[in-house]
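Novice: what follows is a predicted protein model with its sequence.
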Amino acid sequence: MIALTGNLLLSFALLSSIATLIFAKIPAINAHKKYKFACLFGIFQFLFILFSYFLLTYGFVVSDFSLVTVWQNSEIQKPLIYKITGVWGNHEGSMLLWLLILSICLFFIIKYDGKIPKRVQLNTIAIQTSIIFAFLLFILFTSNPFALQLPIPIDGVGLNTLLQDPGLIIHPPLLYIGYVGYSVLFSYSVAIMLENKLTDNWARWIEKWAYISWTALTLGICIGSWWAYYELGWGGWWFWDPVENASLLPWITGTALIHSLLNYKSTGQHRDWTLLLSILTFSFSLIGTFLVRSGILTSVHSFASDPQRGLWILIILSFFIFFSLFIFLRNLQKESEKKDFVFLRRGTFILINNYLLMVSVVVIFFGMMYPLLLEAITGDRITVGPKYFNIVIAPLVILIAILMPIGPNLSWKDNWTQFAVKRLMISFVITIFLIIAMQLVIYENADAFHLLLISLAVWIFIASIVDLLPRNLSEFRIEFSGLKRKNLPITGSRITHMAFGIMLFGIIYASAYSENKDLKMNLGDKIQIDKFELQYDGFGTHIGENYDDLQINFSLIKDDKKIANMTPAKRFFRKSGDITTEASIQKYYFDHMYITVGEVQEQFIYASVSYKPFVRFIWLGGFLMAFGVLFKTLFRSKIFGTTNA
Amino acid sequence: MTNKAKRLYFYTTATLLSAFAVALVLIALDENIIYFYSPSEVNQSEAATLIRVGGLVKDGSLKIDNDLGIKFIIEDNIAEVSVIYNGILPDLFREGQGVIAEGKFIDNFFIANEIVAKHDENYMPKEVYESLKNK
């Protein structure tokens, strides 16, 4: 029953999308009617997809094993929350979620009333619909979540045990909102180029989406990284895995896009580049999906893969990328470069920012694709080690970090001012002072390279705060200018920059000064790690909803006093017999003590123990970055186009 | 300085930096690629380079030794490689299943420093699947 209804709903959605495309494109009827019908069928698409999504969720909740997807990825005993979120814990369901978000975006495009010319609006709807259409075909023909099987099995296979974790509840939806949110930017940009009659405020229509998608993507990546950190039990937060890279690429181009949009809004320069960036960002979202779904790159994130699906997505991908690039090239305008080339102004720094970010994209993309390239040419099978990425990214991050605080201090139009110099000098002096103080208080045997990186992180942090101080110092007596209504968007930007400094600090500190010990411990053994002692006290059991834990007890001791119990575990899932490793993480200010346990024998255990100073800064910074941009979105400046080219 | 000269400087710098980036990529790539072999392809005399070996964990070969750590054999129906690993095995490590080990050959033993883990128990690493397919 569910299978039939589900297939019907998806087919209706497909028909509605065809109807929208027809109404958007036929010249016969009058413009007003065309628009009305296209919108109406757009809403229908959204509703049909929404209902089919609810129906699949219902199928999971009532454990309807006549659906292959439910049977393969669920079981009666599974906790309810994982039945609901388990919908996106598999290929078919996650593609339906992807489709749902696409159609929600379409809904918002239809509802958005930003004084957009009707023709542009209609084009946008048509392009968004064609993306939905392509993915509907993809789902119906290669990944149907409503595929039926008879006879109906009594119980399901169950959800992959590693996915039964709170991370599953929020990580995929946020990541997808990020990925798919960029489809709106894509649709608007292509629609604008198709029309080629630009009004000034297109930047304003798409700006909000650039912020929202970026916020969601940042949160998604952060939570994913946190999830891998505690659940996969490897104790790392970033592995340069192809799938991680695939999410980082749209994040980087999305960051470039936000800056380029600001530049366009304020100076009217680099219009084409900004449009190209929004196309690129969504293209990278598609490439990410393609890489994950096709399984052509070996990654920890692959669901069981199927080459046919990869081919489909490759076709969708190539079509949209080439189509949009074609439109882009057709409408490319020679930008007038008659204006004075003023070097030390904000726009130049945004250009440099974009340049450095794009170089990062190229080197990461190259490292990611190189194994495929080499295998195609020589047949050798290789992996590009994480060290490659660290080596090529480090100099870029250093350059970005040096320049990052400078740009925001400059004016959009004029050259370098006395004032900016003074401010940067203040930040510089404070930074040096802090670094020296830090070296005296928490002395680590820092080498010059890491000291430089840490100083840069502090420099970004300090300069962003200093930049929030009032421009005119006499203002300070009245109120902190960063909290004035008109300055709030700027405050948002500075929070994000500051947070990047915090994150960078955490990344560098935790990478350079972590201590790790993999060792065998007998009962009662004590080991020394950093300023702590850790004692192995034996093991016990704990009974969970659908699993049993074998808990290994440790005492964390500092200065001969026990400060915490730590209990990493081996988790045995009753039904599947799967075993997962549960890490135990103990906070200590901004640091983590991290333990996982391998083999547990009668007399001894294998444990991996790490002490990671300032590791919490990584996620703190990441979340704060997202918060800053969210803040900026909420208090977005309504003033537009101070100057225009 | 004229506008033209300023612009020229700007773009020259950008070009030089790009060239630098390309050089860095090539150097970093040269030093950090890790080759993958199946047990029958691997040449044990070619010691001391970091490589990956992938195949199936031989049934009954897993031994946890009190002193040496974890021992097991990776096979591909033609040849076998004895692996020694001192660390924590991934949750999905099983006898008879696909595995990839990263490490170096020392005295005919493959000393692994990493066992690559997979999310999905049914998932076969692509390299392993392809090297087994032909055997």
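Specialist: Received it, and whenever you're ready, just let me know what you need. Numbers count the residues shown, from 1 in each chain, chains lettered A, B, ... in the order given.
Novice: grab the nearest non-local neighbour of residue A:587.
Specialist: Leaving aside its sequence neighbours, residue A:587 sits nearest to residue A:616 (Cβ to Cβ, 6 or more residues apart in numbering or on different chains; 7.1 Å). Bear in mind the C-beta positions are built from the backbone N, C-alpha and C, glycine included.
Novice: and the residue of the stretch 451-600 of chain A found nearest chain B, what does it touch?
Specialist: Taking Cβ to the nearest Cβ, chain B has its nearest neighbour within the stretch 451-600 of chain A at residue A:598, 3.3 Å off. Contact partners of residue A:598, counting by Cβ atoms under 8 Å, 6 or more residues apart in numbering or on different chains, are A:581, A:605, A:606, A:607, A:608, B:87, B:88, B:89.
Novice: would you agree residue A:576 falls within a strand?
Specialist: No. Counting by DSSP: H, G, I helix; E, B strand; the rest coil, residue A:576 falls outside a strand, being coil.
Novice: what values do phi and psi take at it?
Specialist: Per-residue torsions, residue A:576: phi -80, psi -20 (degrees, to the nearest 10).
Novice: report all helices and strands that the helix or strand harbouring residue A:440 contacts.
Specialist: In this assignment (DSSP states H and E), residue A:440 forms part of helix A:418-441. On a contact count with 3 or more Cβ pairs under 8 Å, 6 or more residues apart in numbering or on different chains; DSSP states H and E, helix A:418-441 meets helix A:448-466.
Novice: quick check, the helix it packs on touching chain B?
Specialist: No. Applying Cβ under 8 Å from any Cβ of the partner chain, one finds helix A:448-466 out of contact with chain B, separated by at least 15.3 Å.
Novice: secondary structure element for the residue most central in space within chain A, which one?
Specialist: Centroid-nearest residue in chain A: residue A:217, 2.9 Å away (criterion: Cα atoms, centre = their mean). Residue A:217 is part of helix A:202-231, with elements assigned from DSSP H and E.
Novice: which parts of the following helix or strand past that helix are buried?
Specialist: Per DSSP H and E, the first helix or strand lying C-terminal to helix A:202-231 is helix A:242-267. The neighbour-count check on helix A:242-267 (16 or more other Cβ atoms under 10 Å in any protein chain shown) flags A:242-267 as buried.
Novice: for the record, mean pLDDT for helix A:242-267?
Specialist: Average pLDDT, helix A:242-267: 92.
Novice: which stretches of the chain have low pLDDT?
Specialist: If you meant another chain, say so; for now it's chain A. A:28, A:196-200, A:233-234, A:293-307, A:333-341, A:415-416, A:443-445, A:470-485, A:637-645 (pLDDT under 70).
Novice: you looked at the wrong chain, it should be chain B
Specialist: Flagging of chain B using pLDDT under 70 yields the residue ranges B:1, B:44-47, B:66-68, B:117-135.
Novice: show me how chain A divides into domains.
Specialist: A:1-164, A:404-513+A:618-634, A:516-612 (automatic domain parsing).
Novice: so which of these is the most surrounded?
Specialist: domain A:1-164 (a mean of 19; mean count of other Cβ atoms under 10 Å in any protein chain shown).
Novice: find the nearest non-adjacent residue to residue A:540, please.
Specialist: Spatially, and ignoring its direct neighbours in sequence, residue A:540 is nearest to residue A:551 (5.2 Å; Cβ to Cβ, 6+ apart).
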